[in-house]
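J.: Quick one, fold the following:
(chains A and B)
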Amino acid sequence: MGKTIECHFWDPALDLESKLDFTYEDIGNNIELKKPVFTVDSLNKIIDNLKKSRKEYLLKIDIPTVLNVIEKVTDMWMDPDYKGRRIAREVLPTVTGFSLQMIESWGFDHFMSILRKDNLPLFGKLQPEEYKEFSELGDGLVKAYGEVNISHSNFDPSVIGHICAGNILGIAAFEMILDKLIDAASWIKVPSEEPVFGALYAKSIEEVDPKLAYSIAILPFEGRNTEVKELLFSRSDIVRATGGEQARVSLTELADKHNIPIAGHWHKFSFITLARDYLDEERASQIAELVSLDVTAWDQQGCFSPQEIFVELGGEVDPLKFSELLADEMETTSIALPKGVNSGKMQVLDGYHQYLKKEMMGDPVKIFPSATHQWLVIYDGTTENIEPSPLFRVIRVKPIEDIMHIPKLVRPIGQFLQTVGVAIPNNRLISFADAIGEVGATNIRAISSMTLQKPWEPWDGRFPLNELFELDNIRWVSISTKDIDKEITKALEQKRSIVNQQLPIDDVSPSEDSTRKFQ
Amino acid sequence: MILFPSDEWIKLFKEELNKSKKYEEVAGDWEGDFLFVISPDEELKQEVIFYVDLWHGKCRDAYLVKNRKTAAFTFKGPYSNWKKVINKELDPIRGLIRGMFTLEGDSKVILEQTKAAQELVNTASQIPVKFEV
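T.: Residues are numbered from 1 along each chain as shown, chains lettered A, B, ... in the order given. The predicted model follows:
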């Protein structure tokens, strides 16, 4: 018999284990996922207990106590030998389809390291009138767009529900942490595509502070299970949800029905903008190095993953040459962070054939393919118009006369814009950010960090803590750094450390090498 | 019963704070003065600002500000939220995190002083008050 992984978590004193039925799903590699079959009665008991735990413990402890628990839990997860991380390492590649290297390096080493008490967004509510221009926050800048129009206010939510999308690892941990900072009990619906990490993380909180952990319930249920959702919505003060268009429609309807607010984060579109100033002979390949990381991270599955790259004309290295440099770097980065089992090979091949025809017909197109279909870089000079990528590390490079033309080009999809990865010098960045923020983009980040949200940054235009209390119609736009040059230098060191750590040092194949670090 | 907010109230608050052994103990390493800004809302017509100079477990000075004044920290919120704090219905640190108050100054320093903040509130809540409304 293989390994059985429990995908649920709640206070064991409820003794539901003996009362509920469980399903066991064989997902291959001798791993089976154990999930409860919820009943209305069991869910009511879970929510009652969450409220009790909040009242009897969470409301009585002070914030430093909560912060210390978070710090200890992060310490545990940063240790490669921590048992939770060992289980995750063994199971998550099979569950998620991401490679082990992606989960370990980009997931644990980088994402988890953000969850430090000194990083957490405890600055309270910002006054929009003081941020009418980009102004300092954390180590970056933010600006408020729009006028205050409060549609929901509740500064004391007792139960917060979370419905997490499956494309990004670790959202559940972030949700648990934020709720504890505001004394709210949490239920978290973990995604069907990745139902494991939430319970593992909750159990690590239990190891440090069981009473705190019992204000959390991890509930793996199918999104189509209306009965469960109805009950949970009816007993929550607010629900935060991430998901696609289908989720947006159904969950918004459900929230309306139960007259509760929903903080929704839906389908988004992200892209990269490279200014000519960075495209000199020396720096262009460094920029390509960093861009390759954004395209590679999470196999381009995140809402913050770039789908296109605009390269400004007029640099020493033109967009076509940059595409070639990027292809070289994609190869190197893909060895360090290989694709998982969900390789999207069909999408890569589709992209290849579509653009091969154009190239053969003499269009200003050039394709730079990977020999093993790991990635595909396409130089496309046929149109400046923005187009969605097939994803799975397929990226189009488009020449643009001037980066200030981009806001007009992307305006038609303004409401879907999210992250813009940039290499734009400080003296041009604010005017670009002003314009692209006006159109709808919300997060401007230095290239290579598009998928690494800083805890102080707003998320889709709202601060993740504040939106749990108040929905006020203000759209916050952030720039992840006050000094793009410094950020790029730092990012380059970080990127090279990832690549150097993982690259084979002899003739060992990438797949064999992938086990070396973790044995 | 003393009117809150008033100069009389803040002066009595200073006296009570300086009598508190508990506050002296938990705020022993605190250095920093505050402006407590009470913003007008439906129940308060005009902004009220208290200056409070806290230093190693003692209150060196406290008064109602009539002219411009600066301090290391400015803790600001609407009158209705201050009433909740005075009535011990709201922990000011939690109020800060939730956006019910704003802070100018290093929030990390304040967040490390939750016990001192609680004692400030405990002391304030012991003063019999009548509110504006």
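J.: show me what contacts A:Lys358?
T.: A:365, A:380, A:382 (Cβ atoms under 8 Å, 6 or more residues apart in numbering or on different chains). All C-beta atoms are positioned from the backbone trio N, CA, C, and that covers glycine.
J.: A:Ser343 now?
T.: Per Cβ under 8 Å, 6+ apart, neighbours of A:Ser343: A:373-374, A:392.
J.: That one and A:Trp187, how far apart?
T.: 34 Å (Cβ to Cβ, to the nearest Å).
J.: again, but for B:Lys58
T.: 46 Å.
J.: Which one's more surrounded, these two?
T.: Set B:Lys58 next to A:Trp187 and count neighbours by other Cβ atoms under 10 Å in any protein chain shown: A:Trp187 wins out with 24 against 16.
J.: Without its sequence neighbours, what residue ends up closest to the more buried one?
T.: A:Ala217 (4.6 Å; Cβ to Cβ, 6 or more residues apart in numbering or on different chains).
J.: ok, how many other residues are close to that neighbour?
T.: 27.
J.: Can you name the helix or strand that it falls in?
T.: Using DSSP states H and E, A:Ala217 maps to strand A:216-219.
J.: which stretches of the chain have low pLDDT?
T.: As the question left the chain open, I've gone with chain A. Low-confidence segments of chain A (pLDDT under 70): A:1, A:502-519.
J.: Correction: the question concerned chain B.
T.: B:132-133.
J.: can you pull out the strands in it?
T.: Secondary structure of chain B by DSSP state E: the strands cover B:2-4, B:31-39, B:48-55, B:58-64, B:73-78, B:102-104, B:129-131.
J.: one step back: quick check: the residue nearest to A:Trp187 touching A:Asp48?
T.: No - the pair A:Ala217 and A:Asp48 does not pass the contact test of Cβ atoms under 8 Å, sitting 10.9 Å apart.
J.: Identify the residue of chain A closest to chain B, quick one.
T.: A:Lys125 (2.7 Å; Cβ to the nearest Cβ).
J.: got a list of what residue 99 touches?
T.: You didn't say which chain, so I picked chain A. A:93, A:337-340, A:514.
J.: um, chain B though
T.: A:124-125, A:155, A:465-466, A:469-470.
J.: quick one, what contacts the closest residue to A:Glu222 other than its chain neighbours?
T.: Nearest non-adjacent residue to A:Glu222, counting by Cβ to Cβ, 6+ apart: A:Ser192, 6.3 Å away. Applying Cβ under 8 Å, 6+ apart, we find A:Ser192 in contact with A:166, A:220, A:222-223.
J.: Not counting sequence-adjacent ones, nearest residue to the residue in chain B positioned nearest to chain A?
T.: Nearest residue of chain B to chain A (Cβ to the nearest Cβ) works out as B:Gly99 at 2.7 Å. Nearest in space to B:Gly99, with sequence neighbours left out and distances taken as Cβ to Cβ, 6+ apart, is A:Lys125 at 2.7 Å.
J.: Hmm, the one you found is touching A:Asn466, no?
T.: Yes - contact criterion Cβ under 8 Å: A:Lys125 and A:Asn466 qualify, at 5.6 Å.
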